[in-house]
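>>> Whatever this is, show me its structure:
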Amino acid sequence: MPRFPIHRAFAPFALLPQHPLSLALAKTLDRLLSSQRAQGDLDFLEGRVFGVELRSTPVRLAISVHNGHVVCAHGKKTDASVAAELGGFLALLGQREDPDTLFFRRELMMSGDTDLGLQVKNLLDQVDPATLPGALTRLLALCDRIVQGLEGRPVRRVTV
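I've put the predicted structure just below:
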């Protein structure tokens with residue numbers, strides 16, 4: 001079966017402003033990391049900008065921490081960023097792959113301040129997928145099944 005170029009599915013995102021997507025990511029992380037925020041575990045990101053790039057698409061998100069809260073940093077120069085294809089990010093979120101495996105297979109790329117990137121990775125490793133909102137886990141699982149089908153891989157039920 002020929003492989004569908006997933007980046008074509010993201011062509012409409014080139015027409016959308018990226019700020020709302022960064023804002024949604026910031027609000028979601030601020031909520032998910034509330035206990036870490038309360039303990040000061042996000043202080044390392046205060047005033048720094050971390051980017052997330054969805055390779056082969058126009059999607060570029062940026063977050064920071066301001067006054068202890070995760071905030072949108074769209075349009076600001078990133079101190080560190082991580083980039084992967086959609087399937088790679090979904091594999092991470094679904095815990096089918098660990099970041100180190102994807103990194104060594106060159107499916108996950110980090111640029112900028114690698115120490116900052118590793119701190120973000122370690123912070124996100126503390127998030128228990130069971131604490132994610134049900135709607136978000138269902139959406140991620142649906143996206144994962146769609147991507148698997150578009151990539152020509154056998155679609156299997158994925159729990160996120």
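>>> what are the ranges of the helices in the protein?
All helices of the chain, identified by DSSP state H, fall at 19-32, 34-38, 86-93, 99-104, 114-125, 134-150.
>>> So which of these has the densest surroundings on average?
Comparing the helices of the chain by mean neighbour count (mean count of other C-beta atoms under 10 Å), helix 86-93 comes out on top with a mean of 22. In short, each C-beta sits where N, CA and C put it, glycine included.
>>> I'd like to check the angle between that helix and helix 114-125, please.
60 degrees (axes from the mean of the first three to the mean of the last three C-alpha atoms, to 10 degrees).
>>> Let's test this: mean pLDDT of helix 86-93, rounded?
For helix 86-93, the mean per-residue pLDDT is 78.
>>> Okay, now the unreliable bits of the protein?
Applying pLDDT under 70 to the chain flags residues 1-16, 147-160.
>>> what do you get if the cut-off is 90, keeping everything else the same?
For the chain, the stretches with pLDDT under 90 are 1-26, 28-29, 31-37, 52-61, 75, 84-108, 120-160.
>>> Quick check: which of the helices of the chain is nearest to F50?
helix 114-125 (5.5 Å; C-beta to C-beta).
>>> For that closest one, name the packing helices and strands.
strand 49-54, strand 80-84 (3 or more C-beta pairs under 8 Å, 6 or more residues apart in numbering; DSSP states H and E).
>>> Tell me how far it lies from the chain's centre.
12 Å (C-alpha atoms, centre = their mean, to the nearest Å).
>>> what is the orientation angle of that helix with strand 49-54?
Using the same axes, to 10 degrees: helix 114-125 against strand 49-54 is 70 degrees.
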